[in-house]
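> no sequence on hand, only this structure:
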């Protein structure tokens, strides 16, 4: 059946992704999607998009704010732009988005149906119903404002949608994955999870079947106006002492990220980071002589590639610390450090070459990235490296050298110390 595969609670942030970053996210996101489909198939890409932890790491490795609700909008937008020219090759179509783009989803799905032979009207119905379940049947305090629908040529799909709770300045992302749909109202969720919201209503739970049946009987017996009058009569009784959540299900993977922007040591599993750094240092010079033919690619780019490789090949259990993947390409708000544009462009260049060669039957370059990820896992147990704070401080110190850029502009060169001034001050 269709499964609600997870959810994520994220701080609600405003702002806009600058064009210079959005364009790079589009290119890198499309290349990573191509690599996953080439290596593991379309179904695996859909499964990963349906996993809240992987989705957040995917956005973080592309330079978006590691903890922000904006990752959802920017990733869906990047994939929509980047995969549109590749629809014929990959057989994957990205519809919807935020606001007016969300409301256009049924129309876009109908157009996909015309191009592919899928039942666009049925897909549009699925889109509306999934949104209704999370917005109405499950009443947890979050109102939907974003709806992304990704569908493959064989009709399999994933939905990523997001709601906001303005009073709490928080967003919640919901992930759905199609697996032999049988019912939207009889346990379509694997779970509904998140911080306590007080009393909630989940009419999509199978234990709510009696409640759903009673509601239909009331509608037939009393009509809409009669129900309104009956509700007014009993409203006082409903506002009794606090009660437990109605039909509380078993927990699913659920990601909760803090409101603060800065990356701290506790946000990152250090042994995993040190494994990636060690693999880049040990494997890069030996294993990448052909892969690293893009001019200017060096140790810093190999380090970024090690984290990209893990997003491509890592197991789901390894994505519990999204902040770690921000070490690849920083963040647009300067956390953990400004986006190193030169490194980012080299990453895109290396991955573009590897994907293009793989499509021609030459797998060596993509295979090198896979070996890099495998080596990182092997080194985790014994690898040592700088602390998270020291690593971030060094990245900030060298930001200008790497073409550091953020929403605040380009990073200036470091101010050179003035020996004379220092002597006078001493």
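Thanks, I have the structure now. No experiment lies behind these values; they were computed from the predicted model shown.

> tell me where the stretch 301-426 of the chain has helices.
Secondary structure of the stretch 301-426 of the chain by DSSP state H, counting those that start in this stretch: the helices cover 326-329, 341-359, 364-379, 388-397, 419-425.

> run through who's touching the fourth one.
Just to be clear, that refers to helix 388-397. The contact list for helix 388-397 (Cβ atoms under 8 Å, 6 or more residues apart in numbering) reads 263-265, 267-268, 270, 273, 327, 330, 336-338, 340, 385-386, 402, 414. (Glycine included, C-beta is placed from N, CA and C.)

> next one: the second one
Applying Cβ under 8 Å, 6+ apart, the external contacts of helix 341-359 come out as 20, 24, 27-28, 31-32, 34-35, 38, 63, 291-294, 296-297, 300-301, 304-305, 308, 328-329, 363-366, 368-369, 402-405.

> narrow those to those in strands?
404-405 (DSSP state E).

> give me the buried entries from the contacts of helix 341-359.
Burial by neighbour count, 16 or more other Cβ atoms under 10 Å: within those this picks out 24, 27-28, 31-32, 34-35, 63, 291-292, 294, 297, 300-301, 304-305, 308, 328-329, 365-366, 368-369, 402-405.

> pretty sure residue 407 sits against residue 330.
No - the pair residue 407 and residue 330 does not pass the contact test of Cβ atoms under 8 Å, sitting 11.8 Å apart.

> neighbour count winner among these two?
Under the neighbour definition other Cβ atoms under 10 Å, residue 407 and residue 330 were set side by side, and residue 330 has more, 31 against 17.

> contact partners for the more buried one?
Residue 330 makes contact with 63, 336-340, 395, 404, 406 under the criterion Cβ under 8 Å, 6+ apart.

> mind checking how far it is from residue 400?
Noted for residue 330: a distance of 13 Å to residue 400, by Cβ to Cβ, to the nearest Å.

> how close does the residue positioned nearest the centre of the chain sit to residue 71?
Per Cα atoms, centre = their mean, the C-alpha nearest to the average position across the chain is that of residue 55, at 2.6 Å. Noted for residue 55: a distance of 8 Å to residue 71, by Cβ to Cβ.

> overlap of the contact sets of the two?
With contacts defined as Cβ under 8 Å, 6+ apart, no residue is shared by residue 55 and residue 71.

> which regions of the stretch 201-350 of the chain lie under the pLDDT threshold?
Along the stretch 201-350 of the chain, the model assigns pLDDT under 70 to residues 201-252, 283-296.

> and the strands in it?
Using DSSP state E, counting those that start in this stretch, the strands of the stretch 201-350 of the chain run over 201-202, 254-256, 339-340.

> I'd like the ones you listed as JSON lines, with distance to residue 279 appended.
Shown next, in JSON lines, are the strands of the stretch 201-350 of the chain (distance: least, Cβ to Cβ, whole Å):
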{"stretch": "strand 201-202", "distance to residue 279": "44"}
{"stretch": "strand 254-256", "distance to residue 279": "26"}
{"stretch": "strand 339-340", "distance to residue 279": "19"}
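
> which of those strands is buried the deepest?
strand 339-340 (a mean of 28; mean count of other Cβ atoms under 10 Å).

> show me what that one is packed up against.
With contacts taken as 3 or more Cβ pairs under 8 Å, 6 or more residues apart in numbering; DSSP states H and E, strand 339-340 sits against strand 404-406.

> elements contacting the strand it packs on?
Using 3+ Cβ pairs under 8 Å, 6+ apart: strand 404-406 touches strand 339-340.

> list the contacts of the strand it packs on.
Contacts of strand 339-340 (Cβ under 8 Å, 6+ apart): 21, 63, 300, 304, 329-332, 395, 399, 402-406.

> and the spatially closest residue to residue 76 that is not a sequence neighbour, what does it touch?
In space, residue 76 comes closest to residue 148 once its chain neighbours are excluded; the distance is 4.0 Å by Cβ to Cβ, 6 or more residues apart in numbering. Going by Cβ under 8 Å, 6+ apart, residue 148 touches 72, 76, 80, 94-97, 102, 159-161.

> and residue 83, what element?
helix 70-83 (DSSP states H and E).

> show the subsequent helix or strand relative to that helix.
Later in the chain than helix 70-83, the nearest helix or strand by DSSP H and E is helix 87-90.

> return the distance of that next one from the chain's centre.
Offset of helix 87-90 from its chain centre (Cα atoms, centre = their mean, to the nearest Å): 22 Å.

> and the angle from the following helix or strand past it to helix 70-83?
Per DSSP H and E, helix 87-90 leads on to strand 92-98 as the next helix or strand towards the C-terminus. Put simply, strand 92-98 runs at 140 degrees to helix 70-83, going by axes from the mean of the first three to the mean of the last three Cα atoms, to 10 degrees.

> what's strand 92-98 packed up against?
On a contact count with 3+ Cβ pairs under 8 Å, 6+ apart, strand 92-98 meets helix 70-83, helix 105-116, strand 143-152.

> can I get these in TSV including mean pLDDT?
What follows is the helices and strands packed on strand 92-98, written out as TSV (pLDDT from 0 to 100):
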stretch	mean pLDDT
helix 70-83	96
helix 105-116	96
strand 143-152	95
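
> so which of those comes closest to residue 45?
Minimum separation from residue 45 across the helices and strands packed on strand 92-98 (Cβ to Cβ) falls at strand 143-152, 8.5 Å.

> now the next helix or strand after that closest one, how far from the centre of its chain.
For strand 143-152, the succeeding helix or strand toward the C-terminus, using DSSP H and E, is strand 157-165. Distance, stretch centre to chain centre, for strand 157-165: 11 Å (Cα atoms, centre = their mean).
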